[in-house]
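Asks: output the structure for:
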Amino acid sequence: MAKRRVPISLLLWAVFVATGEGQTSVDLRTQSKSVDFSGAISTKPMQTGTSLPSTCAVGQFFFLTSAPAGSNVYACNAVNVWTLEGSTPAPNASLTNELLSSSGGSTQWLALGGDIAGAPNSVTVTGLQGRAVSTTAPSNGQVLEWNTATSQWLPVAGATGNAAYIFVSQTSLTIPGTVHLFGTANLIVDCFDSETPPQQVEPDKIQISPTTFNVTINFATAQSGYCVVNGAGTPSVSGGGGIPPVGGDLSGNTAAATVTGLQNRPVANTAPSSGQALVWNSTSSTWQPGTVAGGAGGAITSVFGRTGVVSSFTGDYTFGQIAGTVGNTQLPGASGDLSGTLTAATVTGIQSRPVASTAPLSGQTLVWNGSQWAPSGSGGGAGMASQLGDLAVVFTSPNVLTIGANCASTTPCNVRFGYQVYTITNSATATIVGNATGAAYIYITGSGTLVVGHNLTVVCSTSCTQQPGVTSFPANVIPIYTWTAINGTWNGAGGLDQRAFLSSKALAGGQGIIITETPGQTTLAVDNGVIPTYLTNSATLTFASISNNACAPDQSLTVTGANPGDAVAPAWPSNLPSGVLGVMFVSSANTVNVRLCNLSGAAVTPPSNPFRATIVRNY
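Replies: As a prediction, this is how the structure comes out:
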């Protein structure tokens with residue numbers, strides 16, 4: 001049998017071929033270690049396409065080639081559910097002064113809003129608790145006052161009911177109506193010098209413009225001191241020349257302002273057509289009415305929770321697609337002096353001090369009450385911060401005076417007699433009837449009653465009492481006002497303020513004087529421990545004949561309050577017979593005995609005479 005030899009090299013080649021034909025792929029996950037693809041010509045670790053697959057497994061990624069740059073990568077976080085990963089809206093010129101905010105699932109650029117506006121690093125507070133603050137620059141000492149006509153907080157003079165203006169060595173002084181802000185020509189002006197205490201100075205002439213409300217005061221010689229302008233209540237910005245002008249993005253005045261700009265950029269005075277929007281025009285540098293139209297740049301499917309399809313804006317700026325819906329709960333939160341979100345912020349504090357959310361009334365001001373800034377004072381009248389408006393009397397009409405319009409349960413008008421304080425919480429009216437000429441005297445009695453005394457015919461409302469036949473303030477009352485009337489009509493300039501809420505009467509008890517306070521009254525009394533008490537009485541007594549060296553039977557007289565042991569100072573008749581002596585003593589309660597003895601050397605009969613007994617007592 002012939003043997004054939006097979007070369008070893010051929011055998012090894014056959015084994016190699018057989019092995020190669022059986023292994024068709026390599027599992028990199030299990031058959032490789034520390035894989036480095038940095039030297040590879042190209043790598044594509046995920047699927048790509050112009051649309052997302054309808055099915056996916058958890059952990060799978062997909063690159064959507066049709067999406068805008070930065071919004072291409074999607075992950076399968078649940079079976080058959082794709083989620084956009086790491087999307088950050090790209091900034092552009094239209095997003096100036098906006099903040100990048102996270103909604104929890106996506107991010108978006110949002111502008112500041114609500115009570116604040118401007119750039120994030122230069123925020124301007126434009127409101128308080130959702131109520132607008134005027135852009136008018138305040139003057140020194142002014143306060144924020146709520147104005148219902150313009151629905152905003154406005155700076156006004158801080159004085160409540162009057163305002164003072166200092167002058168030095170002047171013969172003429174003009175106080176513009178735009179400065180005192182009373183908004184009326186119905187003013188009272190008083191001037192005082194610079195002495196201590198100030199003395200009233202009588203101006204040579206006072207003129208008040210009926211249109212501008214400017215107050216011009218002239219003196220015969222140069223004077224230094226201050227003048228006080230007083231109107232009917234708190235300085236007002238409503239009506240006439242008292243309305244301050246506005247500027248910036250507004251024109252006109254605060255009572256009738258016109259918006260002429262947005263963020264100091266002018267708005268064209270062109271009437272828009274239905275459906276148009278404001279579009280910035282860089283050629284004319286104005287906001288102008290423009291048209292919102294569709295385009296190929298994609299669709300805005302939902303903005304701030306409002307759905308619709310808007311693909312692009314015509315004009316200087318074009319917006320791309322915004323995907324997803326932004327809800328109110330996704331806006332960035334505000335803190336510190338703000339609440340809500342940065343796009344709808346509410347100012348709840350000033351310098352970390354809280355502001356009350358109470359809606360203000362017209363004319364009220366923000367006053368610190370120890371824990372927060374809160375509206376104070378009554379709408380349309382003087383606030384009660386310094387009680388300067390308490391029980392003010394106002395000329396309401398030719399027939400009616402209103403007393404204490406600001407007196408209410410929240411801002412009571414209080415008066416004090418001794419340690420008794422009376423609270424007045426309702427206003428009153430005094431209506432003149434008939435055709436009389438005279439004056440009214442308005443005052444508070446010691447029992448806390450508001451009285452209108454007069455020599456006219458006056459009808460009082462239920463909150464006051466009218467008292468006829470009064471021509472001056474009675475004793476022991478608190479004067480409030482006097483007001484004159486002519487031919488049955490109150491004189492519009494006839495009121496004189498008699499209030500003096502800072503006055504006081506200090507009583508100190510001297511030696512032997514006791515001061516006692518009772519409701520509405522101070523009583524002065526003698527201190528019997530220091531000053532003696534005198535008990536005295538007299539009576540006509542008749543004695544029978546008295547023998548020599550003998551005493552007559554005792555006679556008695558009544559002295560109320562006398563007690564046995566009290567010392568008696570007798571007062572003897574001037575015509576007692578010579579040699580007749582007497583003695584007086586307290587024999588029992590309220591009774592003084594009188595005893596006469598005869599040492600004349602002969603019998604005598606004393607005539608009937610008045611005898612007086614006095615007891616001096618110290619306790």
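
Asks: residues making contact with stretch 487-495?
Replies: 186, 188, 393, 395, 398-401, 432-437, 481-486 (C-beta atoms under 8 Å, 6 or more residues apart in numbering). For the C-beta atoms, the positions are set from N, CA and C on the backbone; glycine is no exception.

Asks: can I get the CA coordinates of that stretch in CSV?
Replies: Output in CSV follows, covering the C-alpha atoms of stretch 487-495 (Å, rounded to 0.1, in the frame of the first residue of the first chain):
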residue,chain,number,x,y,z
ASN,A,487,-77.3,136.5,55.3
GLY,A,488,-77.9,132.8,55.9
THR,A,489,-74.8,131.6,54.0
TRP,A,490,-71.5,130.4,55.4
ASN,A,491,-68.6,132.6,54.5
GLY,A,492,-66.3,130.5,52.3
ALA,A,493,-63.2,132.1,53.8
GLY,A,494,-64.8,132.7,57.2
GLY,A,495,-63.3,129.7,59.1
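
Asks: distance from that stretch to the middle of the chain?
Replies: How far stretch 487-495 lies from its chain's middle: 34 Å, per C-alpha atoms, centre = their mean, to the nearest Å.

Asks: ok, stretch 179-190 next?
Replies: Distance, centroid of stretch 179-190 to centroid of chain: 23 Å (C-alpha atoms, centre = their mean).

Asks: for it, measure first residue to last.
Replies: 17 Å (C-alpha to C-alpha, to the nearest Å).

Asks: what do you get for stretch 169-182?
Replies: Taking C-alpha to C-alpha, the first and last residues of stretch 169-182 lie 26 Å apart.

Asks: circling back to that earlier point, quick check on the contacts of stretch 487-495: which are buried?
Replies: Buried members of those, scored by 16 or more other C-beta atoms under 10 Å, are 188, 393, 395, 401, 432, 481-483, 485.

Asks: identify the residues contacting stretch 450-468?
Replies: With C-beta under 8 Å, 6+ apart as the criterion, stretch 450-468 contacts 391, 403-404, 424, 426-434, 436-445, 449, 469-471, 473-474, 477, 480, 485.

Asks: did I read that right, Ala75 in a helix?
Replies: No - secondary structure of Ala75 (DSSP: H, G, I helix; E, B strand; the rest coil): strand, not part of a helix.

Asks: now do the helices in the stretch 1-150 of the chain.
Replies: Using DSSP state H, counting those that start in this stretch, the helices of the stretch 1-150 of the chain run over residues 8-22, 28-31.

Asks: which of the ones you listed has the lowest mean pLDDT?
Replies: For the helices of the stretch 1-150 of the chain, mean pLDDT drops lowest on helix 8-22, to a mean of 50.

Asks: which outside residues touch stretch 499-515?
Replies: Residues from elsewhere that reach stretch 499-515 (C-beta under 8 Å, 6+ apart): 387, 390-391, 479-481, 522-527, 530-531.

Asks: residue ranges of each domain in the protein, please.
Replies: Domain assignment of the chain by automatic domain parsing yields the ranges 43-87, 162-232, 393-497, 533-617.

Asks: quick revisit: now, the contacts of stretch 499-515 that are in strands?
Replies: Among these, the subset assigned to strands under DSSP state E consists of 479-481, 522-526.

Asks: just those now: which is nearest Pro266?
Replies: The nearest member of these to Pro266, counting by C-beta to C-beta, is Tyr481 at 52.9 Å.

Asks: can you verify my assumption that that closest one contacts Phe473?
Replies: No - with contact defined as C-beta atoms under 8 Å, Tyr481 does not count as touching Phe473 (10.6 Å).

Asks: what residues are shared contacts of the two?
Replies: When contacts are counted by C-beta under 8 Å, 6+ apart, Tyr481 and Phe473 are jointly contacted by Gln498.

Asks: note down every partner strand of the longest strand along the chain and its orientation.
Replies: When the chain is parsed with DSSP E, its longest strand is strand 215-230. When sheet partners are counted by DSSP bridges, strand 215-230 sits next to strand 162-175 (antiparallel), strand 188-193 (antiparallel), strand 205-208 (antiparallel).

Asks: quick one: name whatever helix or strand follows the longest one.
Replies: Read it as strand 162-175. Helices and strands here follow DSSP states H and E; after strand 162-175, the next one along the chain is helix 177-180.

Asks: let me see the mean pLDDT of that following helix.
Replies: Across helix 177-180, pLDDT averages out at 80.

Asks: mind listing what Gln555 touches?
Replies: Residues in contact with Gln555 (C-beta under 8 Å, 6+ apart) are 541-543, 593-594, 611.

Asks: repeat that with 10 Å
Replies: Contacts for Gln555 (C-beta atoms under 10 Å, 6 or more residues apart in numbering) come out as 539-543, 592-596, 611.

Asks: so, low pLDDT: which residues of the stretch 301-450 of the chain?
Replies: Scanning the stretch 301-450 of the chain for pLDDT under 70 picks out the ranges 301-334, 342-343, 362-364, 368-370, 376-388.

Asks: if we use 90, what do you get?
Replies: Counting by pLDDT under 90, the stretch 301-450 of the chain has low-confidence residues at 301-392, 394, 396, 404-425, 434, 436, 446-448.

Asks: what is Thr346 paired to in the beta sheet?
Replies: Thr346 has these beta-bridge partners by DSSP bridges: Ser339.

Asks: surely Ala562 is in contact with Tyr534?
Replies: No - between Ala562 and Tyr534 there is no contact under C-beta atoms under 10 Å: 11.6 Å.

Asks: just say helix, strand or coil for Thr423.
Replies: Assigned by three-state DSSP, the conformation of Thr423 is strand.

Asks: the residue nearest to it when sequence neighbours are not counted: how many residues sit nearby?
Replies: Distance criterion C-beta to C-beta, 6 or more residues apart in numbering; nearest residue to Thr423, sequence neighbours excluded, is Pro412 at 4.6 Å. Residues contacting Pro412 under the criterion other C-beta atoms under 10 Å number 18.

Asks: just to revisit the earlier point, need the strands paired with strand 215-230 in TSV with distance to Thr65, can you?
Replies: Shown next, in TSV, are those (distance: least, C-beta to C-beta, whole Å):
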stretch	distance to Thr65
strand 162-175	73
strand 188-193	82
strand 205-208	80
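
Asks: nearest to Tyr226, of those?
Replies: Of all the strands paired with strand 215-230, it is strand 162-175 that lies closest to Tyr226, at 4.7 Å by C-beta to C-beta.

Asks: wait, what's in contact with Ser34?
Replies: Residues near Ser34 by C-beta under 10 Å, 6+ apart: none.

Asks: per-residue pLDDT, it?
Replies: In this model, Ser34 is scored at 72, pLDDT.

Asks: separation between it and Leu84?
Replies: For Ser34, the distance to Leu84 (C-beta to C-beta, to the nearest Å) stands at 32 Å.

Asks: do the same with Ile424
Replies: For Ile424, the distance to Leu84 - C-beta to C-beta - is 70 Å.

Asks: the two: who's more crowded?
Replies: Higher neighbour count among Ile424 and Leu84: Ile424, with 22 against 16, using other C-beta under 10 Å.

Asks: pop out the phi and psi values for the residue lying closest to the more buried one once chain neighbours are set aside.
Replies: For Ile424, ignoring the flanking residues on the chain, the nearest one in space by C-beta to C-beta, 6+ apart is Cys413 at 4.4 Å. In this entry, Cys413 is assigned phi and psi values of phi -100, psi 120 (degrees, to the nearest 10).

Asks: quick check: ChimeraX command selecting the buried ones in the contacts of stretch 450-468.
Replies: Per 16+ other C-beta under 10 Å, the buried members of the contacts of stretch 450-468 correspond to this ChimeraX selection:
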select :391,403,404,424,426,427,428,429,430,431,432,439,440,441,442,443,444,445,470,473,477,480,485
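
Asks: of the contacts of stretch 450-468, which belong to strands?
Replies: 403, 424, 428-432, 438-444, 480, 485.
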